[in-house]
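Novice: Need the 3D shape of this:
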Amino acid sequence: MGGKYFNEWSVGETFRTPSRTITETDVVMFAAMSGDYNEIHTSEQFCKDSVFGKRIVHGLLGLSISHGLLFRSGYLEGTAIAFLGIESWSFKAPVFFGDSVSVTVKVLDKKESISKPDRGIVKLFLQIMNQDDQIVQEGVKVVMIRNHGI
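Specialist: The predicted structure is shown next:
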């Protein structure tokens, strides 16, 4: 499946990505990559007395996985030029080891480039949902996308 070009995106349209289960390996690798070995992520014993009662996934790992799931949808395959930024992001609830998450995406806005007509900017509102359809994270990401035929 090829990605959607800028002119094919519509403000207000929504879609949901495939899901993905977050594993212990994901958390261990993220801790190693980021250097964040906080016990809330790495020590079951420490977490027994925490507000969560068990280990939680790094918030930034959840954010990263949301980006991967967005690309896994196929809508940006071969058409995304650049990830421009995050305008806002909120952590609503913990993500636990073994949770399966997917992302609901809504197109908030789109704007053609004035200086480069071969591209445009799409603003997306993402909500990471766990297996119980609870919103665990949400926010706005901005992506530059190719315009078809230009």
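Novice: how about the strands in the protein?
Specialist: If you assign secondary structure with DSSP state E, the strands in the chain sit at 14-16, 20-21, 80-91, 100-112, 119-129, 135-146.
Novice: For S43, which non-adjacent residue is closest in space?
Specialist: Excluding the flanking residues, the one nearest S43 by Cβ to Cβ, 6 or more residues apart in numbering is R55, at 7.2 Å. Every C-beta, even on glycine, is put in place using the N, C-alpha and C of the backbone.
Novice: residue ranges with poor pLDDT in the chain?
Specialist: Residue ranges of the chain with pLDDT under 70: 1, 149-150.
Novice: Now do the contacts for the closest residue to L84 other than its chain neighbours.
Specialist: Excluding the flanking residues, the one nearest L84 by Cβ to Cβ, 6+ apart is V142, at 4.3 Å. Applying Cβ atoms under 8 Å, 6 or more residues apart in numbering to V142 gives the contacts 83-87, 121-124.
Novice: Buried only: go through these for me.
Specialist: 121-124 (16 or more other Cβ atoms under 10 Å).
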